[in-house]
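Trainee: Have a look; sequence and predicted model below, questions after that.
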Amino acid sequence: MKFFYIKRLMSQRGVIFAVKSKKRNTIKKSMKNVHFIAIGGAAMHNLALALSEKPGYKVTGSDDEIFEPSRSRLEAAGLLPKAWGWFPEKITADTDAVIVGMHAREDNPELKKAKELGVKIYSFPEYLYEQTKGKTRIVVGGSHGKTTTTAMILHVLKEVGVKADYMVGAQIEGFKNMVSLSEDARYAVFEGDEYLTSPLDSRSKFLHYHPHVAVLTGIAWDHVNVFPTFEGYVDTFRKFTQLIEPNGQFIYYAGDENLRKLAMELRQDVKKVAYDTPRHTIKNGVTEVEHGGGGTTLRVFGTHNLQNLMAARAACMAIGVKEDDFWKAAGTFTGAAGRLQEVCRSESGVAYKDFAHSPSKLKATVHAVREQWRNKRLVAVMELHTFSSLTKDFLPQYHGGMDEADVAMVYYNPKVMEEKRMASFSVADVENAFGGNVRAFDDSEELKKVLRQMAPMEDTALLLMTSGNFNGVNLVEFARELLNNEQ
């Protein structure tokens with residue numbers, strides 16, 4: 001039996017956690033031959049890369065198809081399967097663990113073989129927890145902002161010299177992979193996704209992590225294919241807070257009514273830390289945040305990112321980072337890939353791309369660019385690409401989300417809806433649901449034609465928002481074309 005204890009240190013800045021174990025490596029020493037079923041996924045291939053870099057681990061994997069950039073990255077690491085498909089002979093008595101990806105089904109031949117041989121089977125989040133049982137875990141969840149907040153925490157920890165294992169849903173400048181695991185890090189920082197664990201496990205991913213420091217940035221209904229009611233969606237966040245380790249911390253956005261209710265329901269041993277939007281100024285497109293030590297000029301912007309920054313501050317201080325050190329590091333954070341990422345500039349224009357797809361993310365992103373560039377024309381273009389966004393009954397959730405844009409366009413691909421066997425809707429349905437001056441398109445060529453008629457976009461802030469690519473559009477090249485900037 002393994003015994004764990006939490007050493008609780010008090011300081012002027014709050015509680016510092018140091019989780020120790022009499023046995024730091026909680027996975028059996030023999031568990032070093034690990035096989036990935038569906039290795040090509042965005043999260044899965046990053047975990048495979050991270051594990052292959054740990055001494056003594058042998059990693060193999062299979063998949064029925066692998067796309068870029070996963071394919072090139074796996075190939076460079078010598079982990080790309082030699083052939084597509086499932087090969088039960090890869091699972092042997094020497095296999096110590098099998099990690100199952102999102103599109104593995106119950107009848108997967110390799111999964112069946114693992115069960116027959118009694119090989120330990122993990123989902124992606126289960127294996128991350130297994131690797132970090134002896135560490136202090138910071139887990140960032142919420143309907144929006146969790147990737148950026150996680151990235152902010154990791155950036156600060158790196159700048160102040162604190163090593164941490166991690167998992168984050170986007171590439172961060174200065175970090176090789178989106179997952180890292182080690183033997184000697186005392187801390188683990190995870191982006192906590194509320195989506196289901198796998199087709200074999202309907203629990204939310206973040207319910208496997210058992211945080212010592214839990215961060216929730218906000219709750220706004222999403223993933224309607226998994227959570228058909230808002231009440232059910234809120235309940236999975238409630239379960240997450242109930243899994244905070246003894247004497248842990250719950251860090252939450254004070255402006256969210258649902259989070260305030262969850263805080264009131266929490267156990268007495270859990271410390272509640274609320275945060276809000278800090279005082280700040282915006283001048284010539286640059287944001288400066290005010291704090292006790294003076295002011296810090298930021299390289300990111302937007303009210304939601306200022307809130308994310310305060311969440312990251314609270315999490316870092318929970319494990320002992322000094323406030324002055326935090327703000328010094330925060331000033332050099334450039335953002336996470338695809339999150340309000342500047343892709344090009346012209347003499348008078350600027351273009352961003354963003355992952356925004358849910359109603360809350362869309363509204364926050366449009367507002368951020370409007371607030372940052374009040375004197376520029378804001379052209380906002382969004383693609384409906386996720387399951388929720390392509391659900392007709394969910395469309396009204398977007399109402400008013402693009403009202404701050406001078407020009408607002410929404411695109412969706414009917415062929416994608418057919419492939420997903422989803423009920424169709426019309427351009428008029430989209431325009432009525434969004435309201436305002438939104439113009440909808442179901443043909444990407446027509447959308448590009450209309451945008452090209454506006455080029456060159458002078459005195460314009462162009463915002464391209466999608467978790468896809470507008471049916472094969474190179475967003476960077478297209479943005480440069482529209483701004484008449486060929487750099």
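Mentor: It's in. Residues are numbered from 1 along each chain as shown.
Trainee: dump the residue contacts of Leu384.
Mentor: Contact analysis of Leu384 by CB atoms under 8 Å, 6 or more residues apart in numbering lists 357, 390, 410-412, 430. Backbone N, C-alpha and C define where each C-beta goes, glycine included.
Trainee: Helix, strand or coil: sort out the closest residue in space to Gly335 that isn't next to it in sequence for me.
Mentor: In space, Gly335 comes closest to Val300 once its chain neighbours are excluded; the distance is 5.0 Å by CB to CB, 6 or more residues apart in numbering. Counting by DSSP: H, G, I helix; E, B strand; the rest coil, the backbone at Val300 sits in coil.
Trainee: Count the neighbours of Val300 for me.
Mentor: Neighbour count for Val300, taken as other CB atoms under 10 Å: 22.
Trainee: How about the one 3 residues further on?
Mentor: A total of 16 residues lie near Thr303 under the criterion other CB under 10 Å.
Trainee: my guess is it meets Thr365, correct?
Mentor: No: Thr303 sits out of contact with Thr365 when judged by CB atoms under 8 Å, with a separation of 10.5 Å.
Trainee: Pro211 - how many residues pack around it?
Mentor: Neighbour count for Pro211, taken as other CB under 10 Å: 27.
Trainee: Could you pull out the helices in the stretch 151-300 of the chain for me?
Mentor: With helices called from DSSP state H, counting those that start in this stretch, the stretch 151-300 of the chain shows them at 230-242, 257-265.
Trainee: who touches the longest one?
Mentor: By CB under 8 Å, 6+ apart, the residues outside helix 230-242 that reach it are 139, 141, 192, 194, 204, 206-207, 214, 216, 219, 221-223, 227, 250, 258-259, 262-263, 265-267, 270.
Trainee: what is the rounded mean pLDDT of it?
Mentor: Throughout helix 230-242, pLDDT has a mean value of 96.
Trainee: got the angle for that helix vs helix 257-265?
Mentor: For helix 230-242 against helix 257-265, the angle by axes from the mean of the first three to the mean of the last three CA atoms, to 10 degrees is 40 degrees.
Trainee: tell me which residues in helix 230-242 are buried?
Mentor: By neighbour count on 16 or more other CB atoms under 10 Å, the buried set for helix 230-242 is 233-234, 236-237, 240-241.
Trainee: Now these in CSV, please, with extra columns for distance to Ala97.
Mentor: Formatted as CSV, the buried residues of helix 230-242 follow (distance: CB to CB, whole Å):
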residue, distance to Ala97
Tyr233, 32
Val234, 34
Thr236, 27
Phe237, 29
Phe240, 25
Thr241, 29
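Trainee: Which of those sits closest to Gly161?
Mentor: Nearest to Gly161 among these is Phe240, at 29.9 Å by CB to CB.
Trainee: rewinding a little: can you tell me which of the helices of the stretch 151-300 of the chain comes nearest to Thr147?
Mentor: So among these, helix 230-242 is nearest, using CB to CB, at 16.7 Å.
Trainee: returning to what we had before: among the contacts of Leu384, which are in helices?
Mentor: Among the contacts of Leu384, the members falling in helices (DSSP state H) are Val430.
Trainee: quick one: least confident of the contacts of Leu384?
Mentor: Among the contacts of Leu384, His357 has the lowest pLDDT, at 85.
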